[in-house]
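Peer 1: build me a model:
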Amino acid sequence: MSGHSKWATIKHKKGAADKARGKQFAKLIKQVEVAARTGGGDRDSNPTLRTMFQKAREASVPLDTIERAVKRGTGELEGVEYQEVAYEGYAPGGVAVYVEALTDNRNRTGPEMRSTFSKNGGSMAEPGAVSWQFERKGIVVVPGSVAEDDLMLVALDAGAEDISSTGDEWHVYCEAASTHEVRTAIEAAGIVVSSSDLTMVPSTTVAIDSLDTARAVLKVLDALDDHDDVQEVYANADISDEVMAALSE
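Peer 2: Coordinates of the predicted model:
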């Protein structure tokens with residue numbers, strides 16, 4: 001799972017500097033709206049909405065803005081109907097890339113995704129080409145200052161499947177439907193939770209030991225992530241610690 005952890009960490013560190021808050025809000029609001037449309041507006045019976053609601057609140061999206069998004073999703077308020085669509089492809093080094101998007105015009109977004117892949121050194125693939133290499137999971141992020149044994153005891157007892165460290169954070173992985181329960185159990189034990197979300201975790205990773213290759217991979221991922229319709233970008237690149245350190249300089 002280290003491939004996901006490192007890319008997620010890079011995105012997290014870049015986020016504050018590279019993304020305007022308004023753009024981040026727009027993506028989160030779309031996620032809330034689609035979750036409500038798909039599973040209903042009751043957070044107790046719709047775990048995806050519950051997770052997206054929490055994610056938006058953690059990003060400081062105003063509560064009334066989130067609630068309006070829920071109402072648009074359930075049809076109480078008029079709004080644009082977004083479609084969930086995934087795009088698959090490759091970055092340099094044979095790295096598999098899985099992109100989740102929400103769009104109101106697939107005929108526009110598809111060609112733009114293909115162009116973004118090709119212009120930045122990657123290539124778009126047919127549906128199903130790489131999706132089999134990823135699995136939907138829940139992720140609960142905890143500060144790295146928490147003792148591993150303390151976190152592991154609580155998390156595994158609550159149903160977590162794996163715990164990994166990025167150095168600054170612990171990433172606790174679980175079944176997607178168990179995300180809220182795992183987070184609640186960790187918080188009930190007095191452990192601070194930084195965030196929780198749904199993610200796609202690669203079953204296998206591609207080792208990246210070259211700084212040039214790492215930069216080429218990140219160029220594709222950054223360009224895709226910057227597209228207005230793109231919600232999340234996942235890759236199975238496992239960038240070495242030495243290269244990660246060099247990228248941070």
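
Peer 1: where along this protein do the strands fall?
Peer 2: Listed in chain order, the strands of the chain (DSSP state E) span 83-91, 95-103, 123-125, 134-143, 162-165, 169-174, 195-202, 206-208, 230-235, 237-239.

Peer 1: so can I have TSV of these showing mean neighbour count and mean pLDDT?
Peer 2: For glycine as for every other residue, the C-beta is placed from the backbone atoms N, C-alpha and C. As requested, those are exported to TSV (neighbours: other C-beta atoms under 10 Å; pLDDT from 0 to 100):
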stretch	mean neighbour count	mean pLDDT
strand 83-91	20	95
strand 95-103	23	95
strand 123-125	16	97
strand 134-143	21	93
strand 162-165	16	90
strand 169-174	24	94
strand 195-202	21	90
strand 206-208	20	92
strand 230-235	22	92
strand 237-239	25	90
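
Peer 1: need those in TSV with distance to residue 44, can you?
Peer 2: Formatted as TSV, these follow (distance: least, C-beta to C-beta, whole Å):
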stretch	distance to residue 44
strand 83-91	23
strand 95-103	24
strand 123-125	39
strand 134-143	17
strand 162-165	27
strand 169-174	19
strand 195-202	16
strand 206-208	40
strand 230-235	24
strand 237-239	37
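
Peer 1: for residue 110, which of these is the nearest?
Peer 2: strand 83-91 (7.4 Å; C-beta to C-beta).

Peer 1: now that closest one - C-alpha only, PDB.
Peer 2: Output of strand 83-91 as PDB, limited to C-alpha atoms (Å, rounded to 0.1, in the frame of the first residue of the first chain):
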ATOM      1  CA  GLN A  83     -22.100  11.300 -13.900                       C
ATOM      2  CA  GLU A  84     -19.500   9.200 -12.200                       C
ATOM      3  CA  VAL A  85     -16.900   8.000 -14.700                       C
ATOM      4  CA  ALA A  86     -13.400   6.400 -14.400                       C
ATOM      5  CA  TYR A  87     -10.500   6.800 -16.800                       C
ATOM      6  CA  GLU A  88      -7.500   4.400 -16.900                       C
ATOM      7  CA  GLY A  89      -4.000   4.700 -18.300                       C
ATOM      8  CA  TYR A  90      -0.300   4.600 -17.700                       C
ATOM      9  CA  ALA A  91       2.400   7.000 -16.600                       C
END
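
Peer 1: which residues are in contact with it?
Peer 2: If you take C-beta atoms under 8 Å, 6 or more residues apart in numbering as the criterion, strand 83-91 is touched by 34, 38, 96-104, 106, 109-110, 113, 117, 121-131, 216-217, 220-221, 235, 237.

Peer 1: centre of the chain versus that strand, how much separation?
Peer 2: Distance, stretch centre to chain centre, for strand 83-91: 13 Å (C-alpha atoms, centre = their mean, to the nearest Å).

Peer 1: ok, the residue in the chain sticking out farthest from the centre to residue 33 distance?
Peer 2: What lies farthest from the middle of the chain is residue 76; by C-alpha atoms, centre = their mean that is 28.1 Å. The gap separating residue 76 from residue 33 is 11 Å, by C-beta to C-beta, to the nearest Å.

Peer 1: repeat that for residue 50.
Peer 2: Distance from residue 50 to residue 33, by C-beta to C-beta: 14 Å.

Peer 1: mind giving me the packing neighbours of the longest helix along the chain?
Peer 2: The single longest helix within the chain, with elements called by DSSP state H, is helix 21-39. With contacts taken as 3 or more C-beta pairs under 8 Å, 6 or more residues apart in numbering; DSSP states H and E, helix 21-39 sits against helix 47-58, helix 63-74, strand 95-103, strand 230-235.
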